[in-house]
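**Q** Pasted the sequence and its predicted model underneath.
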Amino acid sequence: MQHSTETPLAVSIQELAPVRVAYIDCQVNLAEGGYSSEIARCFQQVKDWVADQGLDVKALLTIGVIEEVDGRPAGYACCVQVPPAVTDGLGAIGIQELTGGRYAVVTIEKDPAIIGDALRRFYQEYVPQTGLAIDGARPTYEVYYEHTLDYCVPIR
């Protein structure tokens with residue numbers, strides 16, 4: 001048996017509350033790569049709109065929702081948490097509630113050199129070894145913090 005010298009994955013099982021967000025669908029092909037500047041532009045557009053509503057963007061969660069088609073990443077929604085009083089978006093900005101429930105939460109350092117490997121290990125090693133059942137009816141999403149991100153995978 002091979003022993004890994006890799007850093008252990010930081011995975012916790014959590015019950016996450018629903019989150020109301022302002023969002024914009026960012027038209028990128030995640031399978032092709034090279035999309036970070038477009039995603040950054042979309043996040044900025046949502047943040048600007050939220051700030052225009054008189055909200056402190058720095059006090060709110062920034063969330064990326066991975067949109068899947070047939071189990072493959074197909075798009076990305078750039079989101080910022082908003083309070084219940086915000087009921088309508090404007091133009092390309094929509095309002096939705098991200099479903100809560102039971103999630104496997106992988107906490108990862110925000111370093112592109114680490115993220116891809118950590119996600120590969122989560123899906124190829126952790127999920128099969130622990131017998132997690134992923135709930136494909138709810139979206140996977142990423143919650144961004146200053147130095148880390150929480151990769152939240154819905155489970156049954």
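**A** In hand now; what should we look at? Numbering: from 1, shown residues only.

**Q** hey, let's count contacts and neighbours off CA atoms from now on
**A** Noted.

**Q** And the helices in this protein, which stretches?
**A** Along the chain, the stretches classed as helices by DSSP state H are 36-52, 112-121, 127-130.

**Q** so which of the ones you listed gets nearest Pro83?
**A** helix 36-52 (10.4 Å; Cα to Cα).

**Q** For stretch 80-95, which outside residues touch it?
**A** Stretch 80-95 has contacts (Cα atoms under 8 Å, 6 or more residues apart in numbering) with 19-25, 46-47, 49-50, 57, 60-63.

**Q** let's go with 6 Å and repeat that
**A** 20-24, 60-63 (Cα atoms under 6 Å, 6 or more residues apart in numbering).

**Q** Same question for stretch 39-49.
**A** Under Cα under 6 Å, 6+ apart, the answer for stretch 39-49 is Cys78.

**Q** coming back round to it: rebuild the helices of the chain as TSV, extending it with mean neighbour count.
**A** Formatted as TSV, the helices of the chain follow (neighbours: other Cα atoms under 10 Å):
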stretch	mean neighbour count
helix 36-52	17
helix 112-121	13
helix 127-130	11
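
**Q** Dump those to a markdown table, plus distance to Gln96 and mean pLDDT.
**A** Output for these, formatted as a markdown table (distance: least, Cα to Cα, whole Å; pLDDT from 0 to 100):
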| stretch | distance to Gln96 | mean pLDDT |
| --- | --- | --- |
| helix 36-52 | 13 | 89 |
| helix 112-121 | 26 | 88 |
| helix 127-130 | 29 | 93 |
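
**Q** Just put the ones you listed in a markdown table and tack on distance to Thr148.
**A** Shown next, in a markdown table, are these (distance: least, Cα to Cα, whole Å):
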| stretch | distance to Thr148 |
| --- | --- |
| helix 36-52 | 16 |
| helix 112-121 | 10 |
| helix 127-130 | 21 |
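
**Q** Please identify the buried residues of stretch 144-156?
**A** 144, 149-155 (16 or more other Cα atoms under 10 Å).

**Q** Take the residues you listed and keep only those in strands.
**A** 144, 149-154 (DSSP state E).

**Q** Of those residues, which is the nearest to Ala113?
**A** The closest of those, once distances to Ala113 are taken by Cα to Cα, is Leu149, at 13.7 Å.
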